[in-house]
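S.K.: Make a model of this:
(one chain, ligands or ions: 1)
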Amino acid sequence: MTVALQEELNVYESAEARFEIAAEKLGLEQGLYRYMKYPEREITVYIPVSLDSGQIAVFTGYRVLHSSVRGPGKGGIRFAPDVTLDEVRALAAWMTWKCAVVNIPFGGAKGGVICNPAKLSKSELERVTRRYTAALSDWFGPERDIPAPDIGTNEQIMAWVMDTYSMHVRQATTAVVTGKPLDLGGSQGRKEATGRGLMICCDKAIAKLGMKREGCRVIIQGFGNVGSEASRLLHEAGYKIIGAADVHGGLNNEKGIDVPKLYDWVNTQRKPLPEFPGGEKIAAQEILFRPCDILVPAATENQITSQNAHRVDCRILCEGANGPTTSYADPIIEKKGIFIIPDILGNAGGVTVSYFEWVQDRQGFFWREREVNERLQDVMEQSFDQVVRYAEVHSVNNRIAAYLVAIDRVARALKLRGFYA
Ligand code: NAD
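M.R.: Numbers count the residues shown, from 1 in each chain. Below is the predicted model of the structure:
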């Protein structure tokens, strides 16, 4: 890999580049700029875990608190073999901006453990989670830093986080983590929330562009929590899903994929997505370049780069993953006139319902699914409108507009709080 490409694929640099452009546009004071640019704190933990074989392995874990200016840190925990501190830093900063875009009272944080969850047994996974949580029990807390699931982590892992933290503080503390099972203080609608938020953004974007749901051709890369729920909801709403992909490969069907059957195939029968008998097999990344109306990258970072952005052929790019488009690809996408729904807006439905979960846990009073979905709809619609308005007023694309909204909000809070000592 060339140095230039390495630099392009560094997600921290990607996050920084957008922040720099927006900060300059806003004319952010130097002091505020410096304060917001760097994380408040970051920690590396080495986690000794006894494996089922009896051997001791030591895993490396991270937690970065980017900002607590607008409230406690909020952000997922990622379990993956390629987790790096730079990636966790970028994801933590994105959480600050995302929470500010949707105007919920959280700062930004993120965590990760370098491990391959597919290769760990359930009990090994539990020990990794518990030891990681124990090492961070002074950092976490409903008023300090609240984790959630991300790639490689799920409801069960969140339940172990909640239990371990509760054992340490000697009281049941459901609000320390979100994305929990319903039986343990989880929220109705959380599982679908990120996909639902994406759908609400797609609805707003097509209305703005004078398009219709019926026959609107959608391609979704990634068929995990975000991608499969988004596919299911978009399909139910009348969109036509013509392409889907996961890490094993892609599937293309111009007539429309039978999404409920594919959902069952992948999520219940646990069969490989490209083997689904209802479409033509295609390479996982190639799916991004098929012509469509809406492209939803919902897998992982750095999928659309300066090397391939010229091949993207859609009207709307609605980002489900964090950082699927590199900053070097931004000008190419913009030049093509593609309407962007940037990650910090597009996938913010997840953290919004996480916020609702935290509110419900603290109230000890739980809402019906309809109430959760209505509140989510309000938040997403208002945020979408605000981002588009900023884009028009400041003559920037939607991505930079989302950063402007976010940085503006954090800067205002920072000025009101002032600098202690
Ligand atoms: P997940 O682990 O449930 O699913 C990831 C999916 O992407 C899987 O289907 C996997 O097979 C697929 N994938 C991985 N690499 C791929 C590749 N190279 N090509 C094609 N497919 C590939 O994770 P998730 O929770 O759905 O998260 C997906 C993305 O969305 C991540 O960037 C995450 O940070 C972001 N996100 C998730 C949430 C949430 O609520 N889960 C909220 C906001 C953002």
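S.K.: any chance you could map the strands in the stretch 301-421 of the chain?
M.R.: Assigned by DSSP state E, counting those that start in this stretch, the strands in the stretch 301-421 of the chain fall at 316-318, 339-341.
S.K.: and what of the stretch 51-200 of the chain?
M.R.: 56-67, 73-80, 108-114, 145-149.
S.K.: what residues does the longest one touch?
M.R.: By CB atoms under 8 Å, 6 or more residues apart in numbering, the residues outside strand 56-67 that reach it are 36, 39-51, 73, 83, 85, 88-89, 91-93, 95-96, 107-115, 128, 132, 135-136, 139, 145, 410. From N, CA and C alone the C-beta is placed, and that goes for glycine too.
S.K.: Tell me which of the residues you listed fall in helices.
M.R.: 36, 85, 88-89, 91-93, 95-96, 128, 132, 135, 410 (DSSP state H).
S.K.: re the thing from before, quick one: the strands of the stretch 51-200 of the chain as TSV, columns for mean pLDDT too.
M.R.: TSV is the format used below for those (pLDDT from 0 to 100):
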stretch	mean pLDDT
strand 56-67	98
strand 73-80	98
strand 108-114	98
strand 145-149	97
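S.K.: out of the ones you listed, deepest packed?
M.R.: Of all the strands of the stretch 51-200 of the chain, strand 108-114 has the most neighbours on average by mean count of other CB atoms under 10 Å, namely a mean of 29.
S.K.: and that one, anywhere near the ligand?
M.R.: No. Using CB under 6 Å from any ligand atom, strand 108-114 never reaches the ligand; the gap is at least 9.0 Å.
S.K.: starting at the chain centroid, how far to that strand?
M.R.: 12 Å (CA atoms, centre = their mean, to the nearest Å).
S.K.: Which strands or helices does that strand pack on?
M.R.: strand 56-67, strand 73-80, helix 85-101, helix 122-135, strand 145-149 (3 or more CB pairs under 8 Å, 6 or more residues apart in numbering; DSSP states H and E).
S.K.: circling back: with mean pLDDT and mean neighbour count as new columns, can the strands of the stretch 301-421 of the chain be given to me in a markdown table?
M.R.: Listed next are these as a markdown table, based on pLDDT from 0 to 100; neighbours: other CB atoms under 10 Å:
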| stretch | mean pLDDT | mean neighbour count |
| --- | --- | --- |
| strand 316-318 | 98 | 25 |
| strand 339-341 | 98 | 24 |
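S.K.: before we move on, back to that, let's see if you can find the most crowded of the ones in helices among the contacts of strand 56-67.
M.R.: Thr96 (32 neighbours; other CB atoms under 10 Å).
S.K.: out of everything not next to it in sequence, what's closest to that one?
M.R.: Closest residue to Thr96 apart from its sequence neighbours, by CB to CB, 6 or more residues apart in numbering: Gly108 at 2.9 Å.
S.K.: And for Lys240?
M.R.: Gly256 (4.4 Å).
S.K.: What of Lys37?
M.R.: Phe19 (6.7 Å).
S.K.: Pull out the buried positions in the helix or strand containing the one you found.
M.R.: Using DSSP states H and E, Phe19 sits within helix 11-26. Neighbour-count burial for helix 11-26, counted by 16 or more other CB atoms under 10 Å, picks out 11-16, 18-19, 21-23, 25-26.
S.K.: go on, stretch 270-286?
M.R.: Taking 16+ other CB under 10 Å as the criterion, stretch 270-286 shows 273-274, 276, 279, 282, 284, 286 as buried.
S.K.: re the thing from before, make a markdown table from the strands of the stretch 301-421 of the chain and add distance to Met211 to it.
M.R.: Shown next, in a markdown table, are these (distance: least, CB to CB, whole Å):
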| stretch | distance to Met211 |
| --- | --- |
| strand 316-318 | 8 |
| strand 339-341 | 10 |
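S.K.: Including distance to the ligand, could the ones you listed go into a markdown table?
M.R.: A markdown table is the format used below for those (distance: least, CB to the nearest ligand atom, whole Å):
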| stretch | distance to the ligand |
| --- | --- |
| strand 316-318 | 12 |
| strand 339-341 | 13 |
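S.K.: who wins for proximity to Cys202 among those?
M.R.: Nearest to Cys202 among the strands of the stretch 301-421 of the chain is strand 316-318; the distance by CB to CB comes to 5.6 Å.
S.K.: ok, the residue of the stretch 201-350 of the chain found nearest the ligand - contacts?
M.R.: Closest residue of the stretch 201-350 of the chain to the ligand, CB to the nearest ligand atom: Gly224 (1.7 Å). Gly224 makes contacts with 151, 246, 298-299, as judged by CB under 8 Å, 6+ apart.
S.K.: just to revisit the earlier point, want to throw the helices and strands packed on strand 108-114 into JSON lines with distance to the ligand?
M.R.: Putting those into JSON lines (distance: least, CB to the nearest ligand atom, whole Å) gives the following:
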{"stretch": "strand 56-67", "distance to the ligand": "14"}
{"stretch": "strand 73-80", "distance to the ligand": "7"}
{"stretch": "helix 85-101", "distance to the ligand": "7"}
{"stretch": "helix 122-135", "distance to the ligand": "14"}
{"stretch": "strand 145-149", "distance to the ligand": "6"}
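S.K.: Need the ones you listed in CSV (columns: distance to Ala421).
M.R.: Shown next, in CSV, are the helices and strands packed on strand 108-114 (distance: least, CB to CB, whole Å):
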stretch, distance to Ala421
strand 56-67, 18
strand 73-80, 21
helix 85-101, 22
helix 122-135, 29
strand 145-149, 22
